[in-house]
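Enquirer: Structure, please.
(2 chains)
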Amino acid sequence: MLYFDKVSKVYPDGSIALHNVKFTVARGEFVSIVGHSGAGKTTLIKMILGEEKPSEGTVSFESVNVQNLRKKKLSLYRRKIGCVFQDFRLIPSRTAYENIAFAMEAAGRTDDEIDSDVPDVLELVGLDKKMSNFPHELSGGEKQRVAIARALINQPELVIADEPTGNLDPVNTHDIVQILKKVNELGTTILLTTHNRGVVDELKKRVITLDAGKVIRDDPDGKYSL
Amino acid sequence: MFFKKLRRVIKAGFTNFWRNGVVSLASVFVMVIALAVIGSLMLSSTVFSSIIADVKAKVDVNVYMKTDAPEADILSLKKSVEVLPEVKSVEYLSRADALGQFKERHKDNNLIIGALDELGENPLGAVLNIKAKDPSQYESIAKFLSADESALASGQKTIIDKVNFYQNKLVIDRLTNILSALERLGFALIILLIIIAILVTVNTVRVTIYSAREEISVMKLVGASNNYTRGPFIMEGIISGGLGAIITTVLFYPLVAWFSEIASGFLGMSLIDYYSANILQLFITLLLFGIIIGAFASLIAVHRYLKV
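Expert: From the prediction side, this is the model:
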């Protein structure tokens, strides 16, 4: 469903973030992308979300060429993808419930759908007791669960998790990975970037290794090796 | 779909406004200052035009008739002057009225009254007091009179003794210049102050939205359209503007009452009566200004963070 075809990215200051990257992700896969800081993981994700355009090559999602999407189409396209970030990126002025409801509102869902779906997804990530808390009242692990719940609420075809465990302790890391695994088992494609060896080794799923903007390894049953 | 989104945007605007507490208060405060500037400019321009109208009403041109001018001629001159488009009104003062006014004015001066009595007859001619619609038009009225005078002079004796326009010309000219300069200056000042008020408000709102830039990028990333993302911010701006207008209108009441009290001596009107009579109109004007400035400021401020 996701195709990177000979993608390169050179930033205006001349630094090369990605060089001739080529891989595909099939529906239902759980792919981990590993690499040191600066290996190009974040650039890769920004390209999937249409935040950055490749200097060369094409990024496609199913039959859609992502870099050619204009404003309105882009926001429609982004609703098919759920995102989880290292820094959570919750809306600070809204409660856990409202943060998740916002993603549904943005997608134009009805109030009834929101009223019935939000509590369900909060229960799925184990946060049904804290739905009216603001992000600053939640711990890191709880914030990340809200973020995952938000990423899942619109039943996305792809969930991107960009270093979701980067700010979490081992116990929370384990929990988050288990939640992602469960989501994958329910049929959603997951793209995870991380530099946490434990996470990758525990998953035993496909691993793409990036180094200095190039794909240096792509193992179907990978281990963390850098 | 549209109304569902509109309702959500409005609701989110109110919620954000309430939760932002101090920040919202600050933007309402700035809005009150900006609207107070606009409101006081509107009021002072009213005061100003009432003063100008007052002064203008006091300017006139007096045509002094010869003592032997027949009343019928004077009245026909009055008629011909009255139909001029520049003329607002013509007042006819007969010889006896002129004498009565003169005596009234000098009733404490025994010497003048004595001299009048000594004279035995009325030395004063009849007078036409001419008021123009605008001070700048006295010149053409005076010209008409002198042309009329020469026309009369060719056939028969002139009935006009003198027109005091030429003595007053300097004063009238100067007054006309000052008034029109003041009007133009006032207008430029109003525009300038309004621009400053808008800029200050825009900047304050920009600072408050700067703290929400993260929020905006997150909204965009979860797939909200540009309009849906900026909607609540614009709503917040509109709320600040609306509240600002209400507070300004209420605060103005005691201020105007106080100023009206002090200024009653030199103002030809009661400012507080004017304010009470026009309070709704003033409020609606301020409300419109507030809403437009608030929405516009938010729009500008959000714009730069929408490019995700």
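Enquirer: how about the helices in the chain?
Expert: All of this refers to chain A. A:41-48, A:71-78, A:96-106, A:111-124, A:140-152, A:170-185, A:197-203 (DSSP state H).
Enquirer: You answered for a different chain; I wanted chain B.
Expert: Under the criterion DSSP H, chain B contains helices at B:2-19, B:22-58, B:71-82, B:95-105, B:110-119, B:138-155, B:165-210, B:213-221, B:226-263, B:271-277, B:279-303.
Enquirer: so can I have JSON lines of those showing distance to chain A and mean pLDDT?
Expert: No exception for glycine: its C-beta is placed from N, CA and C like everyone else's. What follows is these, written out as JSON lines (distance: least, Cβ to the nearest Cβ, whole Å; pLDDT from 0 to 100):
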{"stretch": "helix B:2-19", "distance to chain A": "5", "mean pLDDT": "85"}
{"stretch": "helix B:22-58", "distance to chain A": "10", "mean pLDDT": "80"}
{"stretch": "helix B:71-82", "distance to chain A": "69", "mean pLDDT": "79"}
{"stretch": "helix B:95-105", "distance to chain A": "76", "mean pLDDT": "81"}
{"stretch": "helix B:110-119", "distance to chain A": "84", "mean pLDDT": "81"}
{"stretch": "helix B:138-155", "distance to chain A": "63", "mean pLDDT": "66"}
{"stretch": "helix B:165-210", "distance to chain A": "12", "mean pLDDT": "78"}
{"stretch": "helix B:213-221", "distance to chain A": "5", "mean pLDDT": "81"}
{"stretch": "helix B:226-263", "distance to chain A": "6", "mean pLDDT": "88"}
{"stretch": "helix B:271-277", "distance to chain A": "39", "mean pLDDT": "79"}
{"stretch": "helix B:279-303", "distance to chain A": "13", "mean pLDDT": "88"}
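Enquirer: Of these, give the one that comes closest to A:Ile48.
Expert: Across those, the minimum distance to A:Ile48, taken as Cβ to Cβ, is reached by helix B:213-221, at 11.6 Å.
Enquirer: got the CA positions of that closest one in PDB?
Expert: This file holds the C-alpha atoms of helix B:213-221, laid out as PDB (Å, rounded to 0.1, in the frame of the first residue of the first chain):
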ATOM      1  CA  ARG B 213       1.200  27.200  17.000                       C
ATOM      2  CA  GLU B 214       1.900  23.600  18.200                       C
ATOM      3  CA  GLU B 215      -1.900  23.100  18.500                       C
ATOM      4  CA  ILE B 216      -2.400  24.300  15.000                       C
ATOM      5  CA  SER B 217       0.200  21.900  13.500                       C
ATOM      6  CA  VAL B 218      -1.400  19.000  15.400                       C
ATOM      7  CA  MET B 219      -4.800  19.900  14.100                       C
ATOM      8  CA  LYS B 220      -3.500  19.900  10.600                       C
ATOM      9  CA  LEU B 221      -1.700  16.600  11.100                       C
END
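Enquirer: Can you give the contact residues for it?
Expert: Helix B:213-221 is contacted by residues A:49, A:75, A:78, A:83, A:89-93, A:102, A:106, B:226, B:228-230, B:302, B:305-306, B:308 when judged by Cβ atoms under 8 Å, 6 or more residues apart in numbering or on different chains.
Enquirer: in chain A, what secondary structure element scores lowest on mean pLDDT?
Expert: The weakest-scoring helix or strand in chain A, judged by mean pLDDT, DSSP states H and E, is helix A:71-78 (a mean of 83).
Enquirer: For the residue nearest to A:Met47 when sequence neighbours are not counted, give me its contacts.
Expert: Spatial nearest neighbour of A:Met47, chain neighbours left out: A:Val59 (4.9 Å); criterion: Cβ to Cβ, 6 or more residues apart in numbering or on different chains. Neighbouring residues of A:Val59 by Cβ under 8 Å, 6+ apart: A:Tyr3, A:Phe4, A:Asp5, A:Val7, A:Met47, A:Ile48, A:Asn65, A:Val66, A:Gln67.
Enquirer: Which of the helices of chain B sits closest to A:Ile153?
Expert: A:Ile153 lies closest, by Cβ to Cβ, to one member of these: helix B:213-221, at 13.7 Å.
Enquirer: Just put the helices of chain B in a markdown table and tack on mean neighbour count.
Expert: Below are the helices of chain B laid out as a markdown table (neighbours: other Cβ atoms under 10 Å in any protein chain shown):
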| stretch | mean neighbour count |
| --- | --- |
| helix B:2-19 | 15 |
| helix B:22-58 | 18 |
| helix B:71-82 | 15 |
| helix B:95-105 | 14 |
| helix B:110-119 | 11 |
| helix B:138-155 | 15 |
| helix B:165-210 | 15 |
| helix B:213-221 | 21 |
| helix B:226-263 | 20 |
| helix B:271-277 | 16 |
| helix B:279-303 | 19 |
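Enquirer: Alright, that wraps it up for me.
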